[in-house]
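Enquirer: with the input below, show me the fold.
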Amino acid sequence: MSTKDTINWALVGTGGICNNFLAGLRATGGQAAAVVSRCREKAQDFAARNSIAKAFDHYDHMLEDTAIDVVYIGTPHTTHKDLAVRALKARKAVVCEKPAAINAGELQEIIAAARENNVFFMEAMWTRFTPPLQKVREWLTQGLIGEIKMVQANFGFNAHYDPKGRLFDPHLGGGALLDVGIYPLSLISMVFGGKKPLDIKSQLYFGETGVDEEDAIILSYGGNRIAFAAAAIRTELANDAWIYGTRGKIHIPYFIWARSARLLADGTDECFYQPEFISNGYNYEAEAVMDCIREAQTESPVMPWNESMVIMETMDTIRAQWHFRYPSETHY
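Expert: You can find the predicted model right below:
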C-alpha cells in the first residue's frame, strides 16, 4: 500500500459516525478525498458542507478511483461485509466501523480477502487508541496491579425509540450487543490479552422489534479470572470500567469516551493520568491506521484480526445461547 505522505480516504456513509471520524481525521492533517452514499444528493451535500472534492453515488466508481488509498466504512452493520470485501479485492485499505461484520463467518470472509490481497484491514475500535487506554495498557504490561483477577465494564444509554432506526431494526443488525456491548467486550479482551473466554454466561432482554435491548454477560478466562459486561440501548448505565488485580486496581471513568485513568496500586501513591486530549479521539485511530499503511502493514497491533475474530465469536456464542439470529444470516 501507499508510502506517500498524504493518504487519501474515502468515507462510506454520511451519518453521525462518519462526521465524527472526519473531524478526527482532519485533526491529524489527513485527507478526506471522497464521500460515498447511495443517494446522490446526500453525497453531494456532505461533500459540499465538508469541502470534500469528490462525491460518489456508486460504490464501485469510488473503488475505481486510483487516488483513493483507504476506505472508511460507516454504514449499518449488515452492509459491512460486502463493502469491506469489495474494497479489499480492489486493493483499497479498509477501516470498518465496529462490529466489522454480523457474525464470525462474515468476518472470516473479510479477513481472507485482506490476506489474499495483502491489504490493510482493521475493525474501527477507536477507543483503544486514545491516550488513557494506551496508558492503561502500559500499566498492565508493567504489572503494576499484579495478576489480573477481574474486569467490569458497562456501556448503556436510553436511546430514542425508533423501530426503523439502526439500533432497533433487526434488518440493520440492531440491538445492544453488537452496537454497544462490543465496547466492554473489547476492553475485557484487551485486558486479558486477546484470549478467548473459556466459558460464557449471559442474559438478554428482547424488546418489541425482536432485538436485544439489555445484556448482562459473565466471562471466565480460567483460574480465578472473570469479567462482567453489561450493555443497553434503553437504559442509562454507569459507563465506567474497573480492572482488579492482586496488587491494586485501575478505574477508567466513562471508558468509551475516556479522558482519564486512575491507578490505585497497593503500597504506592495513587496515580491519576489525565493527558491533553486532542480533537474528538478518532484522530488517534486515524493516525495509527495511516502509520500502519505507510509501513506496509496489513493489520494493526492494537486491534489485530485474530482479536476481532475472538470478540465476534464471543458475541456469536452469546446470541446462540438465546437463539438470536438476524434476517441476513441465512447463509451462516
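Enquirer: which other helices and strands does the helix or strand harbouring residue 318 contact?
Expert: Using DSSP states H and E, residue 318 sits in helix 305-321. Packing partners of helix 305-321 (3 or more Cβ pairs under 8 Å, 6 or more residues apart in numbering; DSSP states H and E): helix 104-117, helix 182-191, strand 199-206, strand 212-220. Every residue, glycine included, has its C-beta placed from N, CA and C.
Enquirer: show me which positions of that helix end up buried.
Expert: 305, 307-319 (16 or more other Cβ atoms under 10 Å).
Enquirer: again, but for stretch 215-229
Expert: Of the residues in stretch 215-229, 215, 216, 217, 219, 221, 225, 226, 227, 228, 229 count as buried by neighbour count, 16+ other Cβ under 10 Å.
Enquirer: would you work out how far apart the start and end of it are?
Expert: Chord length of stretch 215-229, first to last residue, is 8 Å (Cα to Cα, to the nearest Å).
Enquirer: circling back to that earlier point, any idea which of the buried residues of helix 305-321 is the one closest to residue 26?
Expert: Proximity of the buried residues of helix 305-321 to residue 26 (Cβ to Cβ) peaks at residue 308, which lies at 26.2 Å.
Enquirer: look up how far residue 28 lies from the closest residue to the closest one other than its chain neighbours.
Expert: Nearest residue to residue 308 in three dimensions, chain neighbours excluded: residue 123, at 4.4 Å (Cβ to Cβ, 6 or more residues apart in numbering). To residue 28, residue 123 is 19 Å away according to Cβ to Cβ, to the nearest Å.
Enquirer: between the two, which one's more packed in?
Expert: residue 123 (28 against 19; other Cβ atoms under 10 Å).
Enquirer: so who does the more buried one touch?
Expert: By Cβ atoms under 8 Å, 6 or more residues apart in numbering, the contact set of residue 123 is 96, 97, 98, 99, 100, 303, 308.
Enquirer: what's the burial count for the first one?
Expert: Counted with other Cβ under 10 Å, the burial measure for residue 96 works out to 28 neighbours.
Enquirer: hang on, it in a strand?
Expert: Yes - judged by DSSP: H, G, I helix; E, B strand; the rest coil, residue 96 forms part of a strand.
Enquirer: what sits against it?
Expert: Applying Cβ under 8 Å, 6+ apart, the residues near residue 96 are 72, 73, 80, 83, 84, 110, 121, 122, 123, 124.
Enquirer: can you tell me the SS state at the third one?
Expert: Put plainly, it is residue 80. helix.
Enquirer: ranges for the strands of the stretch 151-300 of the chain?
Expert: Assignment of strands within the stretch 151-300 of the chain using DSSP state E, counting those that start in this stretch yields the ranges 199-206, 212-220, 226-232, 241-245, 248-252, 261-265, 271-273.
Enquirer: now the contacts of residue 123 as JSON lines including distance to residue 57 and pLDDT?
Expert: Output for these, formatted as JSON lines (distance: Cβ to Cβ, whole Å; pLDDT from 0 to 100):
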{"residue": "96", "distance to residue 57": "20", "pLDDT": "98"}
{"residue": "97", "distance to residue 57": "20", "pLDDT": "97"}
{"residue": "98", "distance to residue 57": "26", "pLDDT": "97"}
{"residue": "99", "distance to residue 57": "26", "pLDDT": "98"}
{"residue": "100", "distance to residue 57": "24", "pLDDT": "98"}
{"residue": "303", "distance to residue 57": "31", "pLDDT": "98"}
{"residue": "308", "distance to residue 57": "30", "pLDDT": "98"}
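Enquirer: list the buried ones in stretch 183-200?
Expert: Judged by neighbour count using 16+ other Cβ under 10 Å, the buried positions of stretch 183-200 are 183-192, 194, 196-197, 200.
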